[in-house]
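Trainee: Output the structure for:
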Amino acid sequence: MKNSIIFIVLLFFSVLSIAQNQDTVKIQEVLIADSIDYSRKIIKLESKSFGMVKSTGELMQEIPGVTFSKRSVFSVEPVVNAFKYDQVNTTINGGLKASSSCPNRMDPLTSRILPNEIIKIEYERGPYEVRYGQTMGGFVNIITSEKPNYDKFTVLGNIATEYNFNGKGSVSSANIKVGNKLFDANVTASYRTFDNYKSGDGTEIASSYETYGVNTGLGLNITDKQRLVVNYMYSKAKDIMHAGLPMDAKYDESNIVSLDYGYADIGDFLNNFKLKLFYSDEDHLMTNEYRPNSKVTLANTPVTSNDIGGRLELTLTPFEKSLMHIGADYKQTSKDGIKEVRIFKNICVTPPVVFDSPVEKTFEVWQNSYDQDLGLFMDIKYFFSENLSAKTGVRIDMIKSDIRDPEQDFMKLYDNNLTPKDINDFSYYQKIDYNFPKNFNIELAVGTGRRAPSLLEKYINHFTVGLDAYEYVGNPHLKSEINNQVDLILSKKHKYFSANIDLFVSNIQNYITAVEDTTIPRKSTPCKEPKYAKRFVNIDEAMQYGVNLGAKVNFLKYFSANVDLTYIYAENVTLDEPLPEIPPFTSLIALSFKKDKISARLTNEYQAKQIRISDLVGEKESEAFTVFNISASYLFFESFNIGVAVNNIFNINYYRHLSRPYKNMDTFSVFYEPGTNLRIFAKYNF
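Mentor: Down below sits the predicted model:
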C-alpha cells in the first residue's frame, strides 16, 4: 500500500508539471466577483450521485477532506479534516440552524433534510468563514433551493423511486414547481423505509427506520431587485435503530420555518441587502425497549429542542476593487427533557431481587438549558491586481447561557454556581491568493476560529454520550476551544486537468474532552463498571496536521477520472496520546463515463488501518478495507431516467473507523457496512 501511495503522489506532481507546460487560454475574471475561492469546493448532487440517496451523509463521502461520523444509517454528520460535531458549522441555505435535541446526536441537522432536495453542498476546510456563525474547524452549507428564472407561467416536477435489495429499502419522492415572473412555489414530499441490512459476512445489522417529510416554499419577486421567500420543512421518523448507540429512537419529529428577504443591485456603494429569520423545533423520544437490558431497567427519554434566530447582511463596495460583507446574526437554542426509568430488578445484590412492582425514577437530562449567541462579522476581499487578491474576515460572538431546572446533585457539584461567565469570542482569518500564468494558483490562509462549549458539554447530567460506557457530566465553566490554523493550497486548472493540494497545520487550545472524576459516583446501576462518571474539562493543547490532495483528468472525450487522498495526524499534546475519532488515511478513485444519454461510474474507496487511538475514550483500532461500487443510468425521451447500481461489488465485510461499535447488546460487535447491495431506480421529469 505504501508503494501505491508514493506512486499516486508522484503521478500527481508529474501530471501537474506537464499540464503547466501546455498552452491554455487565460480565463478573465471579473475583479469584484466573490466566487473565486480555491479553498472552497462546491459539490453538486447531480455530479456525485446516481439515483437517490438514503442520507445526506452519503453525499459527503466523496468530498476531499470531508468524511462522516455514523451512529446509525439515519444519524450521519460531516467531519471536516478531523473536526467534528459542533466544531463544524453546519447550516442550511446560508444561515439556517437547527440543533440536536438528543444528547447522543441521533438527530443531527443533516437527518432533517430530504436528501433528494439537495442541489449542492458548499464546504470550507479550516476556520476561514465568519459570515454564518462560529466556525472553528470547518463549514458545511447545504443548499436546497435557488432562485428560478421563469419567463412565463411554468409547471415543472418529477417523481422518483429507488429500491435497495440489501435491507429491502425503498425511497420515493415527488416534486412540483410552478411560477412565472412574479412568483414561484414548490412542494417536495419524500418517503423512506428500510429494514435491517446484512454485512459482508451475513450478519444482520440493526439499521431499520421509516421516515417521511415535506418541504414547501413560496417566492415573491416584489420588484426586479427585491425578493421574498418563505419556506417550511417538516420531517418525521420512527422506529429508528441506532446500532452505534445504547438506545434507539421511537420517533423524531421536527419543523423548520424560514423567511428570506433580499434587495439586490441597490447602488454602487451598497450592492445588496439580505435578511433571514428562522425557527425550528424538535420532539424526540429515545428508548432502550429493544435492547437486552430493558428487562432489568426500561428507560425512556423524551427530549425537545428549539432554535430561533436570524441574520442581516449588507454587501458593499467600499473601494474600486473590493467587495465587503458586514452584518449580524443571532441564535437562541433551548433544550429540555427527562429520563424516565422503570427498574424491574435489583442486580446490585446477590442473588438479584425482582421487585413486586417496578421502581420508578425520573432524572433531568438537559436541565432546561439554553444559550444565546449574538454575532457581528465583517468579510472583505480586495483585488490588488488581476492576479493578486487578499481576503480578511473578523467576527465577534457574545454568548450567554444558563439552566432553569437544575438537578440537586448538579447544583451541589458546583456549589450552586451554575451560571457561566459571559463569553466574548473573537475569530479572524487572512488569505492571500495569487494566480500565476497558465492558471496555476497558490493561496496562503491563516486563521483563528473559536467555538463556545455546547449545552451538552456544559449541562448534561449523568448521561452516556461517549464511545465508552461512562456517564458524562457537564461543566458550566468550560472555556471556548481555539483553533489556530495555517493552510497552504496549490491549485492548477487546465482544459483537461485540474488538481489541488492543501497542506494544513492546526494548534488547538482549550480542547474540550471528558476525564474520569472519582468524586462523581455513577448514578444509574451504581454497582456496575465504570463506577465513576466523566466530567467535561478543557485540555491546554492539542494539534493536528495533514494533507488533502485531489486531481481530475478528462480524457477520450467521454471519460473522466478523479483521485482524492486525505491524511491527518492528530495528538492530544497535554495528555500525550492521539486525539479520538480521527479518520485514517483514505483515498477515493473514480472513473466516470458520460455520453449523450448514458452515464456510468466506477469508484474505489480505500481506508487504511487506524492504529492511533485514544485510550482516554476507550477507542478501538479499525481494519483497512477496499470497496468497489459501480453504477449506470440511461435517459429515455429526455425526461425518464432509469439506472442500476451495485455497492460493495465483492461483498467485503468492513466498517468505518468513525462508525461507533454496537452498544447495549448481548455480544460486542462493530458497526459493519452493508454487504453487496443492488439498487435500481427511476426518475420521471415533467
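Trainee: For the residue nearest in space to the middle of the chain, list each beta-bridge partner.
Mentor: By C-alpha atoms, centre = their mean, the chain has its centre lying nearest to Pro78, at 2.8 Å. With DSSP bridges as the criterion, the beta-bridge partners of Pro78 are Phe68.
Trainee: That one touches Leu59, doesn't it?
Mentor: No: in this structure, Pro78 is not within contact of Leu59 by C-beta atoms under 8 Å, at 9.6 Å. In short, each C-beta sits where N, CA and C put it, glycine included.
Trainee: Chain neighbours aside, what residue packs nearest to Thr110?
Mentor: Counting by C-beta to C-beta, 6 or more residues apart in numbering, Thr56 is the residue found nearest to Thr110 once chain neighbours are left out, at 4.1 Å.
Trainee: Report the contact partners of the one you found.
Mentor: The contact partners of Thr56, by C-beta atoms under 8 Å, 6 or more residues apart in numbering, come to Val76, Thr110, Ser111, Ile113, Pro115, Ile118, Ile142.
Trainee: Just read off the phi/psi values of the first one.
Mentor: Read that as Val76. Dihedral pair for Val76: phi -130, psi 130, per degrees, to the nearest 10.
Trainee: how many other residues sit next to it?
Mentor: Counted with other C-beta atoms under 10 Å, residues neighbouring Val76 total 23.
Trainee: Does it touch Phe68 like I think?
Mentor: Yes: under the contact definition of C-beta under 8 Å, Val76 touches Phe68, with a separation of 5.0 Å.
Trainee: still on that earlier bit, so what pLDDT did the residue nearest to the centre of the chain get?
Mentor: Looking at Pro78, its pLDDT stands at 86.
Trainee: For it, give me its contacts.
Mentor: Going by C-beta under 8 Å, 6+ apart, Pro78 touches Gly57, Met60, Val66, Thr67, Phe68, Lys84, Val88, Thr90, Thr110, Tyr123, Gly138, Val140.
Trainee: List phi and psi for the residue lying closest to Pro530 once chain neighbours are set aside.
Mentor: Closest residue to Pro530 apart from its sequence neighbours, by C-beta to C-beta, 6+ apart: Tyr470 at 5.4 Å. Backbone torsions of Tyr470, given as degrees, to the nearest 10, read phi -70, psi 150.
Trainee: If you count neighbours, what's buried in stretch 580-597?
Mentor: Buried residues in stretch 580-597, counting neighbours by 16 or more other C-beta atoms under 10 Å, are found at Pro580, Glu581, Ile582, Pro583, Pro584, Phe585, Thr586, Ser587, Leu588, Ile589, Ala590, Ser592.
Trainee: let me redo that: stretch 111-127
Mentor: Neighbour-count burial for stretch 111-127, counted by 16+ other C-beta under 10 Å, picks out 111-118, 120-127.
Trainee: Need the distance between the two termini of that stretch.
Mentor: With C-alpha to C-alpha, to the nearest Å as the measure, the first residue of stretch 111-127 is 24 Å from its last.
Trainee: still on that earlier bit, tell me which two in the buried residues of stretch 111-127 are the farthest apart.
Mentor: Taking every pair in the buried residues of stretch 111-127 and measuring C-beta to C-beta, the maximum separation is 31.7 Å, between Asn116 and Pro127.
Trainee: which stretches of the stretch 51-200 of the chain have low pLDDT?
Mentor: Across the stretch 51-200 of the chain, the ranges flagged by pLDDT under 70 are 51-55, 57-58, 61-62.
Trainee: where do the strands sit along it?
Mentor: Defined through DSSP state E, counting those that start in this stretch, the strands belonging to the stretch 51-200 of the chain, from first to last, are 66-70, 76-80, 88-92, 120-125, 138-143, 154-164, 169-179, 183-194, 197-198.
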